[in-house]
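> Generate a structure from the sequence data that follows.
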Amino acid sequence: MNRQHAGVLFGGILLLVVAMGISRFAFTPLLPFMRADEGLSFQTGGWLASSNYVGYFVGSLGAGFIYKRKKFFLLSNVLLNVVSIIGMGLTHAYVLWIVLRFIAGVTGGFIFVLTSSIIMDYLAKHLLTRWSGYVFSGIGIGIAISGLCVPFLEVHFMWEGTWIGLGLLSTLFVLLTLALWRHIVVHDGERVAKTNDTNIWRGFMPWLIIAYGLEGLGYIITGTFLVDIVYNIENLQAYASYTWVVVGIAAAPSAPFWMAMMSRFKPVHVMFVAYILQVFGIILPVLSQTVWSVLLSAFLFGCTFVGLVTLSTGYGRQLFPRQSNFVVSMLTTFYAFGQIIGPIIASRLEVYFSSFKAPLLFAGSIVFCAFVILVSGYVLTHQTQKVQVKSIKSPS
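Next up is the predicted model:
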């Protein structure tokens, strides 16, 4: 890992800080302030979140079909993404917010998939694959930045100024990335011929994709409403913003940590542990509403949701190394589809039961279903492989 390679990797991290940690997840700590000042309900807040996730679905799906001029296409989406951040602070029109969150989602989907595949391919080309997990630390670093900046900026500039301030900070990060990436050349991708070996819809991969989609549905409820939920617990209101900081602090080092675990143990076994820890973290506020239980919930959520992104995309690329762009795109598309549904269901459950506990229990049960599917797929795939090996070895 020389200076140039480190610069390329750091530039990728900064792009995920902007597109994921700020553009996407700054909405979580800002939502309580927007709801209070603009009279938004839990449900209208859910629609704003879902607009972003619909856009993310579109962007992540479309990114799988980008083979030429990837660097130019990526940086163009980064520019639009920053504009959408600043735009949120320049209007009070709910319809425009819907449009801006959709644009942020579309560009965020393109940025996540293209940045991930470009960095993974670059590091693999230079025999530095073990460093690939670090790019996903950008998500956690961005969350920590937004968690720290939002309370400070909101006190001085209200929520409108906070969006603008975060947009200006994002602009600084993008300029730094342009400087770090000035010498990087991203070659056009090639369409891989369709054969049995390149068909990702076989073996364990479909199980991984379905489980990852359910993970998207389950985790996003906490990812969208955690701060709002804590803010509305009277004795914990003062700690609401801190929970998001804890999420970011836990998420930032989690990507390299889980990648290290994946290199030492079987990747699927590591995923099992991450899923179970996340289920416990999601439902913990239902079981206990103390300061320490809420902060522990935030910590477990932060270290596992980025971990599962890292593990799932990293393992998917291991299974199909020549199709990193398409593999990451398909995983992210199913993940994004789950995220579209999650906030809508959560808002309806909250309205129906008049309690934040119902959405969290639903989220925890969905992530547990993802765990069950992953285990089932692992067992069935291994049984099938054993049968195939025996049939090959047995005399005709």
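> need the helices for this structure, in chain order.
All helices of the chain, identified by DSSP state H, fall at 3-16, 27-38, 42-63, 70-88, 94-125, 137-180, 205-231, 240-251, 254-264, 267-287, 291-319, 324-353, 357-393.
> in the fourth one, what counts as buried?
Right, helix 70-88. 70, 73-75, 77-78, 81-88 (16 or more other C-beta atoms under 10 Å). C-betas here are computed from N, CA, C, even on glycine.
> How about the last one?
Neighbour-count burial for helix 357-393, counted by 16+ other C-beta under 10 Å, picks out 357-364, 366-371, 373-375, 377-378, 381.
> which ones are touching S146?
Residues counted as contacts of S146 (C-beta atoms under 8 Å, 6 or more residues apart in numbering) are G21, I22, F25, A26, T28, P29, L166, W244, G248.
> could the buried residues of helix 70-88 go into TSV alongside distance to G12 and pLDDT?
As requested, the buried residues of helix 70-88 are exported to TSV (distance: C-beta to C-beta, whole Å; pLDDT from 0 to 100):
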residue	distance to G12	pLDDT
K70	13	84
F73	15	90
L74	10	92
L75	12	92
N77	14	95
V78	11	96
N81	15	97
V82	16	97
V83	21	96
S84	20	96
I85	19	96
I86	23	96
G87	25	95
M88	25	95
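> how far does stretch 36-48 stretch from start to finish?
Using C-alpha to C-alpha, to the nearest Å, one end of stretch 36-48 lies 15 Å from the other.
> Between the contacts of S146, which sits nearest Q339?
F25 (11.8 Å; C-beta to C-beta).
> Go through the buried residues of helix 70-88 and name the one nearest L319.
For those, the residue nearest L319 by C-beta to C-beta is K70; the value is 21.8 Å.
> wouldn't that closest one be in contact with I184 here?
No. Applying C-beta atoms under 8 Å, one finds K70 not in contact with I184, separated by 10.9 Å.
> Can you get me a residue count around F337?
Each residue near F337 was counted by other C-beta atoms under 10 Å, and the total is 19.
> What residues does it make contact with?
F337 touches F57, G213, G216, counting by C-beta under 8 Å, 6+ apart.
> Most neighbours of all these, which one?
Using other C-beta under 10 Å as the neighbour criterion, G216 leads the contacts of F337 with 31 neighbours.
> Quick check: it vs A363, distance?
For G216, the distance to A363 equals 11 Å [C-beta to C-beta, to the nearest Å].
> what touches both of these two?
Both G216 and A363 are in contact with G342, where contact means C-beta under 8 Å, 6+ apart.
> how distant is stretch 332-351 from the center of its chain?
The chain centre lies 14 Å from the centre of stretch 332-351; the measure is C-alpha atoms, centre = their mean, to the nearest Å.
> mind listing what's buried in that stretch?
When neighbours are counted by 16+ other C-beta under 10 Å, the buried residues of stretch 332-351 are found to be 332-343, 345-350.
> So, low pLDDT: which residues of this structure?
187-199, 385-396 (pLDDT under 70).
> check contacts around the closest residue to F136 other than its chain neighbours.
Counting by C-beta to C-beta, 6 or more residues apart in numbering, F136 lies nearest to A255, which is 3.8 Å off, once chain neighbours are set aside. Residues in contact with A255 (C-beta under 8 Å, 6+ apart) are G133, Y134, V135, F136, S137, I139, G140, V306, G307, V309, T310.
> mind redoing it with 6 Å?
By C-beta atoms under 6 Å, 6 or more residues apart in numbering, A255 lies in contact with G133, F136, S137, V306, T310.
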